[in-house]
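[1] My questions are about this predicted structure, shown below with the sequence.
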Amino acid sequence: VGAIGNLTFVLCIIIFIFAVMGMQLFGKNYT
């Protein structure tokens, strides 16, 4: 795994965290 693999891995984690935060913030509005 090179630098590109590391960057992609970190990017996926950041997107996952934003997705979880988004579901917690906006989940109350949709239910």
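    Nice, thanks for sending it over.
[2] At which residues are the strands of the protein located?
    Per DSSP state E, the chain carries no strands over any range.
[3] any weak-confidence spans in it?
    For the chain, the stretches flagged by pLDDT under 70 are 1, 29-31.
[4] one more time with 50, if that's ok
    Nowhere does the chain drop to pLDDT under 50.
[5] need the helices for it, in chain order.
    Remark: helices assigned in the chain by DSSP state H are 3-30.
[6] do you know how far Phe26 is from Phe18?
    The gap separating Phe26 from Phe18 is 12 Å, by CB to CB, to the nearest Å. Quick note: C-beta positions are derived from backbone N, CA and C, even for glycine.
[7] Repeat that for Asn6.
    The gap separating Asn6 from Phe18 is 19 Å, by CB to CB.
[8] Repeat that for Ala3.
    For Ala3, the distance to Phe18 (CB to CB) stands at 23 Å.
[9] now do Cys12
    With distances taken as CB to CB, Cys12 is found 11 Å from Phe18.
[10] what does Leu11 give?
    On the measure of CB to CB, Leu11 and Phe18 end up 11 Å apart.
[11] cool, and Phe9?
    Taken as CB to CB, the span from Phe9 to Phe18 is 15 Å.
[12] on that earlier part again, so between Ala3 and Phe18, which is more surrounded?
    Using other CB atoms under 10 Å, the more surrounded residue of Ala3 and Phe18 is Phe18, with 10 against 7.
[13] Might you report the residue contacts of that one?
    Under the criterion of CB atoms under 8 Å, 6 or more residues apart in numbering, Phe18 has no neighbours.
[14] cool, and Val10?
    Contacts for Val10 (CB under 8 Å, 6+ apart) come out as none.
[15] Would you mind measuring from it to Phe16?
    The gap separating Val10 from Phe16 is 11 Å, by CB to CB.
[16] Please apply the same query to Ile4.
    19 Å.
[17] Check Gln24 too.
    Per CB to CB, Gln24 is found 13 Å from Phe16.
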